[in-house]
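Novice: model the structure of this input:
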Amino acid sequence: MEFGFVEGNVRLRVDGIIYIETSRHKNVFYTAGQTYSIYKKMGELEAELAGMGFVRIHQSFLINMRYVGKLSSYVMVLATGKVISVPKSRYPEVKRQYALFKGAE
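Specialist: Numbering: from 1, shown residues only. Next up, the predicted model:
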């Protein structure tokens, strides 16, 4: 997919995006090698990436489930080692979506 980042238009493979985090009024895409910033609402990004293996685990985080190493006790650990807490209100839905994703692989 192509995104209009602050750094310019960049084509990214969706499975190369590890996660997206809101930071200072913009969203930052984290990939294995680089980060990219975009001025777009998280809800819009969530809609664009719907059905592509992403789950919104927090108001500020959209995670690519391909990179989830572990999910338990309201905590998600990514393959990169990053630890993100999952709010109690979202945990059941995140857990359900992750189980569906794992079953579909």
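Novice: partners of the closest residue to I20 other than its chain neighbours in the sheet?
Specialist: Nearest non-adjacent residue to I20, counting by CB to CB, 6 or more residues apart in numbering: L62, 4.3 Å away. C-beta coordinates here come from the backbone N, C-alpha and C atoms, glycine included. Beta-bridge pairing for L62 (DSSP bridges): I20, R56.
Novice: verify the stated contact: F54 with Y67.
Specialist: No - contact criterion CB atoms under 8 Å: F54 and Y67 do not qualify, at 10.4 Å.
Novice: so L78 touches L71, yeah?
Specialist: No - L78 lies out of contact with L71 (CB under 8 Å); the separation is 10.1 Å.
Novice: strands along this protein, start to end?
Specialist: 2-5, 8-11, 17-23, 26-31, 35-38, 54-58, 61-64, 68-72, 75-78, 83-85 (DSSP state E).
Novice: please report how far the closest residue to F5 other than its chain neighbours lies from F54.
Specialist: In this structure, F5 finds its nearest non-sequential neighbour in Y36, 4.3 Å apart by CB to CB, 6+ apart. Remark: distance between Y36 and F54 (CB to CB, to the nearest Å) = 16 Å.
Novice: looking at those two, which is more packed in?
Specialist: F54 (22 against 19; other CB atoms under 10 Å).
Novice: now the lowest-mean-pLDDT helix or strand in the chain against strand 68-72, angle please.
Specialist: Every helix and strand of the chain was ranked by mean pLDDT, DSSP states H and E. The lowest is helix 91-104, at a mean of 92. Between helix 91-104 and strand 68-72, the angle comes out at 140 degrees (axes from the mean of the first three to the mean of the last three CA atoms, to 10 degrees).
Novice: restricting to C-alpha, output helix 91-104 in PDB.
Specialist: C-alpha atoms of helix 91-104 as PDB (Å, rounded to 0.1, in the frame of the first residue of the first chain):
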ATOM      1  CA  TYR A  91      -9.000  -7.300  26.200                       C
ATOM      2  CA  PRO A  92     -11.800  -9.800  25.400                       C
ATOM      3  CA  GLU A  93     -12.200  -8.500  21.800                       C
ATOM      4  CA  VAL A  94      -8.400  -8.400  21.300                       C
ATOM      5  CA  LYS A  95      -8.100 -11.900  22.600                       C
ATOM      6  CA  ARG A  96     -10.900 -13.100  20.300                       C
ATOM      7  CA  GLN A  97      -9.500 -11.400  17.200                       C
ATOM      8  CA  TYR A  98      -6.000 -12.800  18.000                       C
ATOM      9  CA  ALA A  99      -7.400 -16.400  18.400                       C
ATOM     10  CA  LEU A 100      -9.200 -16.000  15.100                       C
ATOM     11  CA  PHE A 101      -6.100 -14.800  13.400                       C
ATOM     12  CA  LYS A 102      -4.000 -17.600  14.800                       C
ATOM     13  CA  GLY A 103      -6.600 -20.100  13.700                       C
ATOM     14  CA  ALA A 104      -6.600 -18.700  10.100                       C
END
